[in-house]
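1. sharing a model that was predicted from the sequence below.
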Amino acid sequence: MRNITSYIILLISYIWLTSCSEQATPSVTTGVVTITLTGLDDDLSGLEVQLHNISTGSLFVEKTNQQGTATFNVTPGLYEAATSQTRSAAGNEYYSYNGTSGQITVLKDQQTAVTIIMKRAVISRLVIKELYCGGCMADDGTTSFQYDKCVILYNNSAEPASYNNLCFGMAAPANAQATNNNYTSDGHLKYEGEGFTPLWNGIWYFPTTLTIAPYSQVVVNIHGAIDNTLTISQSVNYANPEYYCMFDPESGYNNQRYCPTPSEVIPTSHYLKAVVFGQGNAWPLSNSSPSIVLFQTKDVTPADFAQNTANYWYDGGSSSAIKRCVKVPNDWIIDAIEVFSIDYATQCVKRLTADIDAGYVWMTNKKGHAIYRNVDQQATEQLPENEGRLVYNYSLGVDDSTDPSGIDAEASLNNGAHIIYQNSNNATNDFHERQLCSLRK
């Protein structure tokens, strides 16, 4: 009986305490946030806006009404908002509209109005997905092999992309760690603000229109369009009829060590053409810290452009043919990468202006490493066809350089996924150093 009485007393006490606790807890109140988008010329309705609680990590998503306003009812706290939209443009370009607003304070029972001005950038569908240029170690373990370079282009969109007069060039000087006499006394590149980028020694171009299917790539061999693995096991096999190659001995680039006769399986229609306006018998793309530029000539053929002496410019102000460059208008440039050598960390300086590439990516050469573009995680995960096909836990970065998305792009592609790569015109954010070229299986 005593035990029953004790149990009843404990039960009554629990109910009383619980009742008091519930009465003491204030009801949760919310605040209202209205976010209005401006800067778009077309319909503003149905656009997705994200509101992120900085303290709790909670994410809220709403769509805009016809006035371009998204309305949120959220708990008090500190928030940030972001939105990103894309619009088709003429040809192979599209517009990216981005807008953000930070430090949005939400108070209970109050309304906070925020206006976001959308900023527009013109983005090409075509990107440089990967650059392999540092070479690898030979099988003897003591010497290196550096005649197996390539660059991989990728159609970063759901629409076919076609380009004529598509060209490759490299900025001067060849190595980022070399003495660069193109800077003014106040630390600016002499051609900054001039609307052009000087490209050194020679250019390569596709002799016919290049068409790339959506979410597909084109491999372009730079040096050694053969099966290099027959002699160097850690190298790359380019004996593939789908690959392209830079091979034009009649141009003057006829050094057999750099440019051996391509594999017979590569059709001659896949040979790129060259124009040499400097000196040398091979295109001297750096194996430690190159700066490669992809561009498209407008209203003139690549050959006529590169042979026109009115377009010449000289690296460092010298008049020597060794230093000769051509001035490529910046609005012709489709994509570019600035690469710095990890072995010369304190000596590397930029050759590309901020409007072409605002950053740089580090590379270690002679180890088979490649420079690989990061995945745009949000855009890739939002593609409905990617459900169940994305592979995570990416582990092929080098030291602290890796893809922050965590998505293994190559494994995902092999699994049937469509990848959208990051493209902010800043190599520091867009690329990482990869342990091996993706063409190695």
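-> Noted; the coordinates are in hand.
2. so what's Ala81 closest to, chain neighbours aside?
-> Among residues not flanking Ala81 along the chain, Ser101 sits closest, at 4.7 Å (Cβ to Cβ, 6 or more residues apart in numbering). Glycine gets a C-beta too; all of them are placed from N, C-alpha and C.
3. tell me which stretches of the stretch 1-150 of the chain form strands.
-> For the stretch 1-150 of the chain, applying DSSP state E, counting those that start in this stretch gives strands covering 31-38, 48-53, 59-63, 69-74, 77-88, 93-106, 111-117, 119-124, 126-132, 136-137, 144-145, 150-155.
4. what's the mean pLDDT across the second one?
-> If I follow you right, that is strand 48-53. Strand 48-53 comes out with an average pLDDT of 88.
5. for it, name the packing helices and strands.
-> Applying 3 or more Cβ pairs under 8 Å, 6 or more residues apart in numbering; DSSP states H and E, we find strand 48-53 packed against strand 31-38, strand 59-63, strand 69-74, strand 77-88.
6. now do the first one
-> Contact partners of strand 31-38 among helices and strands, from 3+ Cβ pairs under 8 Å, 6+ apart: strand 48-53, strand 69-74, strand 77-88, strand 93-106, strand 111-117.
7. distance from it to the middle of the chain?
-> 31 Å (Cα atoms, centre = their mean, to the nearest Å).
8. and for the third one?
-> On the basis of Cα atoms, centre = their mean, strand 59-63 sits 27 Å off its chain's mean C-alpha point.
9. name the SS class of Ala274, please.
-> Under the three-state scheme (DSSP: H, G, I helix; E, B strand; the rest coil), Ala274 adopts strand.
10. what helix or strand does Ala303 sit in?
-> Taking DSSP states H and E as the definition, one finds Ala303 inside helix 302-307.
11. got the contact list for that helix?
-> Asn165, Cys167, Gly202, Ile203, Tyr205, Lys273, Val275, Phe277, Thr297, Asn311, Val326 (Cβ atoms under 8 Å, 6 or more residues apart in numbering).
12. how many neighbouring residues does the closest residue to Ala306 other than its chain neighbours have?
-> Spatial nearest neighbour of Ala306, excluding adjacent residues (Cβ to Cβ, 6+ apart): Val275 at 3.8 Å. If you count neighbours by other Cβ atoms under 10 Å, Val275 ends up with 22.
13. quick one, what contacts Val275?
-> Shown in contact with Val275 (Cβ under 8 Å, 6+ apart): Gly202, Ile203, Tyr205, Ser251, Pro302, Ala303, Ala306, Gln307.
14. neighbours of the residue nearest to Ala81, how many?
-> With other Cβ under 10 Å as criterion, Ser101 counts 17.
15. ok, it touching Thr34?
-> No: judged on Cβ atoms under 8 Å, Ser101 makes no contact with Thr34 at a distance of 11.8 Å.
16. since that was my last question, I'll sign off now.
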